[in-house]
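Colleague: Following is a predicted model, sequence given first.
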Amino acid sequence: QVQLVESGGGLVQAGASLRLSCSASHLSFAAHAMAWFRQAPGKQRELMAAISRNGADIFYAVSEKERFTISRDNAKNTVYLQVNNLKPEDAGVYYCAARRWELAKTEYEYSYWGQGTQVTVSS
């Protein structure tokens, strides 16, 4: 079955950078839009960024777009989220998600989910 496996999370100091990765298997990766969501403690899961099948269209839901970069490598079946200048409020579990065809902005529109990777930011 489809598997999405996130990696790259961890405990980092404020101001550091992280690159999260999500590797997909048993999925026609190039036929799926991908997205990153975050669930902070006590909060609902929220969209961070989404990217179209070929990477040409990108949507950022975050207010500080300059700190976040979503990208994908279809040859490696992998989507990335680069987060720079991490802040304590960036902490949470980061999930990647996939949906066939076009990118979407709500979690309900994504069919496949990873287990998440924890990001903790110390101040």
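Modeller: Sure thing, it's come through.
Colleague: What segments of this structure are strands?
Modeller: Taking DSSP state E to define them, one finds strands in the chain at 3-7, 10-13, 18-25, 32-39, 46-51, 58-60, 68-73, 78-83, 92-100, 112-113, 117-122.
Colleague: quick one: which of those strands is nearest Thr106?
Modeller: Nearest to Thr106 among the strands of the chain is strand 46-51 (7.2 Å), distances taken as CB to CB. Where C-beta positions appear, they are placed from N, C-alpha and C, glycine not excepted.
Colleague: quick check: mean pLDDT across that closest one?
Modeller: On average, the pLDDT along strand 46-51 is 97.
Colleague: Over to stretch 106-116?
Modeller: Mean predicted lDDT for stretch 106-116 stands at 97.
Colleague: buried set for that stretch?
Modeller: 107, 110, 112-114, 116 (16 or more other CB atoms under 10 Å).
Colleague: Can you name the residues bridging to the spatially most central residue of the chain?
Modeller: Nearest residue to the geometric centre of the chain (CA atoms, centre = their mean): Trp36, 2.3 Å. In this structure, Trp36 bridges to Ala49, Cys96 when assessed by DSSP bridges.
Colleague: From Ala14, how far off is it?
Modeller: Separation of Trp36 from Ala14 (CB to CB, to the nearest Å): 20 Å.
Colleague: Repeat that for Gln1.
Modeller: Using CB to CB, Gln1 is found at 38 Å from Ala14.
Colleague: ok, the two, which is more surrounded?
Modeller: Counted by other CB atoms under 10 Å, Gln1 and Ala14 do not tie: Ala14 has more neighbours, with 13 against 6.
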